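K.L.:
Next comes the sequence, and after it the predicted model I'd like to discuss.
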Amino acid sequence: MSQLSTEEELELQSLLKQLLISVNDKISGAPSTECAEEILLHLEETDKNFHNYEFVKYLRQYVESSLGTVVEEETKSLTRGEGQHAIGSGHDTLIHAITRRTRDSAEYQQMMQPLKNTMIIIVESLINKFEEDQMRKEEMHRERQHSQSNSQYHDNCSDSDSSFNQSYAFIRQEQLQVLAEKLDSSQPKEVRWQALQVLCCAPPSDVLSCESWSSLRRKLCAALTEPDPDLSDNVLQFFAKSFSSSPLNVTREIYTSLAKSVEASFESQKLSFPTDSADLDINRPEVSRLLKQIRLMNDFQKEVTTFWIRHPEKYMEEIIESTFSLLSLHHEHGTEKVLEPIHLLALLDIKATWFNKWMHGYYSRTVVLRLLERKYKSLIVAALQRCIHYSESCFANDTTDPQSAEQQSTVQRSVYSGEELEYAVFVHSLCLLGKLLIYTNGRSLFPVKVKKRKDPVSLIELVVILIHIMYQHPEPPLSDSSKTDSLWPGGLVMDVLWTVCERRECAAECLYQPAVIETLLAPVIALLNGQQCKLKSPAATLTLIADILARIANTDRGLALFLHEKNLLVAHSERTSAALVVVRFTLRLLNKDVSSLSECDASHALCGAFIFVCRQIYNTCEGLQVLRPHGLHTAVAAAWKKTRTSSEREPTPEPEAGASTQDLQNILMWEETLLDSLLNFTATPKGLLLLQQTGAINECVSHMFSRFTKKTTGNRKYSSLHCYTYRTEVSRCEKFGYGVMVTQVAATAPGVAALHRSGFVRALVLELWSALECGSEDVRVVRPRPTPMDPIDRSCVKSLPYQSGPLPGHMQAARPPCPSLSAHSSTDLSLCWKHTHPSWPLVNLLSSSQSVWELVALQPLANKSEYTLREMPTSIPDLIDRLIAVNSEAKIHSLFHYEQSHTFGLRLLSVLCCNLDSFLLLESQYNICSMLLHSQRDNVTEPDASDGEFIIDSLSVERNHVLVRVSVVGGPAERRLPPRALQEGDDPYPWPMFSSCPSTSLLLLRPTEDPPALTGL
């Protein structure tokens, strides 16, 4: 091999190059030269294609031809028994022995030395060829850059691509020292440019860990300020690769150096801010260079939050402080205004995504807020000053339209006016302040002293300023088709206010204040007084006002402010509360008696928005008491009747009549909105009485039932701008859903009658029967499902109750008092409500004696001699007949899941009997106790014998529990209740089984005894 020909050397060189190209991905990710060597040494273990490489095949063939004879002789020698005492009998030991002897042979030494010499020659040849290719690429790159120097602006310096996007080679410490010398500013441009090219091709880990890195970093930062884009762009490319592949202790040095370099550039250049007659062209070399550098910084700002928690806090603090130092740079040169870093950052990240990410985690948020408070409060002052300036400019110039500034997010542009730059910075500042408001330590930074204001600006004053901005721009421009990420001022302000509303402490400090409520209701009071409303778009503005008012009234503290703070000045020096102002304005809208609003402005959408605010008030007993004298329920009912009449008179539109169809649809949706608002009066007992007085309870219940059948109550998404148009879903502002309303309606005889007439009870019974006895896909089936392992299948238990958590306080107080047999009734109901499901609220329907009387009284049980498999119950008496009073073989055989369904019926009976009136009705009509005792007597091992033992199963245990419950009146400290589950041990059920009325002596507790643990449903 030492005498290779030129052709053989070129072939071997080609094979080695193919191998390196094949393992390119593996070695390019190595952080150092040592790691790359380690990867190559273990390539056979990690690469499944190792033996398929041509270079490996060549080496294998060469080794076999050189050492094949030696290996065969050693194998024969060892297998014939020579040296057996030394190697043992294992196959692996034999291989190791052969390998050791082969490596010690003279043939091996004769093979290795020529092989090494040949490979050294080939590697040197590859290195020389690589340097030649590198110089050729540099020359081509230089020519390409010169040819594109006048082309359109392209920003690719901050793209964090793989570090192997160009030629890749490892570099020695001596070379890095030479590169540092070549990068000195005294060197010619060509020398510095070539050094940067070599540096960009080197692994960042080798460069950042070299001894001359400090000198290199200073010279790289100096190259950033060079006017030649060839130098600065190459430095940015190296920094971008370093950010993506280096630890934070190194990247923070690069970032802080970059920030200081950008800050120095702004201080030295003092770029003029565009005036009315001039624009900012970002393709200008000095602006383009700064924009690329800030773009790279912004990319790092948004990514660093994912890993800086794993490093010391001082690293993170250096990054944050260098950023704040750059953004706090502000020049004062008389009337001349200069370009600042915040202007370019706002163009790149207009919604301050970087700041949102820094404030998200507690680890970084504490450092951010501490630095803002101690050293960089000027950032908050500047942001607040921009919001104030924008608000004042809106009042001074009514034609201010940010439409052109908004287009920058969707259209690629290179020229920006001064107004657009100011608007971008305003949006950036607004998002920054909005993020500060939601945190306690952020709010503690206020009040803030600003220019041209005598007193510091407090939190409340900031919210008032934002509301005034929303008044000036209540809806997006016509050209803004992007509703999801719009930049119109009203939408941005509403985003901030919605976020504040969602946090209780934040809302208490910022929104639940008399000054804020007064600002929100100022346009409403002006309209009530007959004054001209000075709003750009009254309907849109008032709708947004109603949105915020509804969110405030939805909370206890906000509602108290609405009801009790009488600080709003109306006509004739009269002061009143916010709730009365809202209800008066709502009545005016319903009666179309607002003279200052046009017919178009006083639309159904606006009226529905303020009705929804009133709904948050009359959903409570206290709020309803305040609104009741104004007759809101009467006005809503009158509007509904009028709308229903107009919809009935509306002719059926032709298929091609699009406008008529839309008008009819709008009328029907408005009718549903009014019905839904009337239905919400059932949230309180007094409200239910008012609804009954309007005569619309039947239609409201039918509307509620239709909502159930459409399965739309699960959609509780609350739209910010369009949900008020027609309130057809239960909003997230509601404290409860239709389940509580069913309970309230069912507590009165007229309400139960309305539920029955609407078909609600029938649908409830059918749904329950389907869950118990039928399949999920087909209701009427003749094949039973597999027998469940639980006493009651989970899918069936869900149909028993309906309540998404405990009732609100005012609902608990509003529930009609029911004389119960024991205090355990509340436990049973709470355990029922534990299994929540938005299906048919059976327990809610039968929670009062009035509902049980209306649905059951004077209706006998069927007690048929035969039940078909397709026969389904449709009423509560039918349900009692099939599930509770299972006293015949025909009823037992008609059930697919007898034990499960009957257990369900007995537990439902246990809940019903918690109300004394309901129990007395069931006992007087159906003899419930006698039926249960008879079933217990039949459940013995020998029915004909007098000494037969009771069969203990889930049904007998459940019947025993019900019998004890209905036989003895008392609370948990006055009586014993048998458990519903078996116990471990020799005696799983120590309680006696009763086949006759239980003796009270066994069930009553003596005063000295401890009460037993409460038993569940």
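P.N.:
Yep, that arrived.
K.L.:
can you map out the strands along the stretch 451-600 of the chain?
P.N.:
Ranges of strands in the stretch 451-600 of the chain, per DSSP state E, counting those that start in this stretch, are 568-569, 575-576.
K.L.:
how about a markdown table for these, with mean neighbour count, mean pLDDT and distance to V957 added?
P.N.:
(C-beta placed from N, C-alpha, C; glycine too.) Listed next are the strands of the stretch 451-600 of the chain as a markdown table, based on neighbours: other C-beta atoms under 10 Å; pLDDT from 0 to 100; distance: least, C-beta to C-beta, whole Å:
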| stretch | mean neighbour count | mean pLDDT | distance to V957 |
| --- | --- | --- | --- |
| strand 568-569 | 16 | 82 | 63 |
| strand 575-576 | 12 | 88 | 62 |
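K.L.:
would you turn those strands into JSON lines with distance to I951?
P.N.:
Output for the strands of the stretch 451-600 of the chain, formatted as JSON lines (distance: least, C-beta to C-beta, whole Å):
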{"stretch": "strand 568-569", "distance to I951": "73"}
{"stretch": "strand 575-576", "distance to I951": "71"}
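K.L.:
contacting residues around P489?
P.N.:
Y390, C394, P402, I469, M470, Q472, H473 (C-beta atoms under 8 Å, 6 or more residues apart in numbering).
K.L.:
Distance of it relative to C533?
P.N.:
Taking C-beta to C-beta, to the nearest Å as the measure, P489 falls 19 Å from C533.
K.L.:
Can you pick out the most distant pair from the contacts of P489?
P.N.:
P402 and M470 (13.1 Å; C-beta to C-beta).
K.L.:
and the residue nearest to V425 when sequence neighbours are not counted, helix, strand or coil?
P.N.:
Using C-beta to C-beta, 6 or more residues apart in numbering and skipping the chain neighbours, the partner closest in space to V425 is A346 (4.6 Å). The three-state assignment at A346 reads helix, by DSSP: H, G, I helix; E, B strand; the rest coil.
K.L.:
residues contacting A346?
P.N.:
L421, A424, V425, V427, H428.
K.L.:
Touching, the second one and I350? I think so.
P.N.:
Yes: using C-beta atoms under 8 Å, A424 is in contact with I350, at 5.3 Å.
K.L.:
So for these two, which residue has more residues nearby?
P.N.:
A424 (26 against 20; other C-beta atoms under 10 Å).
K.L.:
measure that one to A346 for me?
P.N.:
4 Å.
K.L.:
Next: L674.
P.N.:
For L674, the distance to A346 - C-beta to C-beta - is 46 Å.
K.L.:
Can you get me a residue count around L932?
P.N.:
By the criterion of other C-beta under 10 Å, L932 has 23 neighbours.
K.L.:
so what's in contact with A424 and A346 at the same time?
P.N.:
Counting by C-beta under 8 Å, 6+ apart, nothing touches both A424 and A346.
K.L.:
Pull out the CA atoms of the one helix or strand S261 maps to and give them to me as CSV.
P.N.:
Element membership for S261, per DSSP states H and E: helix 248-269. Output of helix 248-269 as CSV, limited to C-alpha atoms (Å, rounded to 0.1, in the frame of the first residue of the first chain):
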residue,chain,number,x,y,z
LEU,A,248,-26.3,30.8,28.3
ASN,A,249,-23.0,31.7,30.1
VAL,A,250,-21.5,32.3,26.7
THR,A,251,-24.6,33.6,24.8
ARG,A,252,-25.3,36.2,27.4
GLU,A,253,-21.8,37.7,26.8
ILE,A,254,-22.7,37.9,23.1
TYR,A,255,-26.1,39.4,23.8
THR,A,256,-24.9,42.0,26.2
SER,A,257,-22.1,43.0,23.8
LEU,A,258,-24.6,43.2,20.9
ALA,A,259,-26.9,45.4,23.0
LYS,A,260,-24.0,47.7,24.0
SER,A,261,-22.9,47.9,20.3
VAL,A,262,-26.5,48.8,19.2
GLU,A,263,-26.7,51.4,22.0
ALA,A,264,-23.4,52.9,21.0
SER,A,265,-24.5,53.1,17.3
PHE,A,266,-27.7,55.0,18.2
GLU,A,267,-25.8,57.4,20.4
SER,A,268,-23.2,58.1,17.8
GLN,A,269,-25.3,58.2,14.7
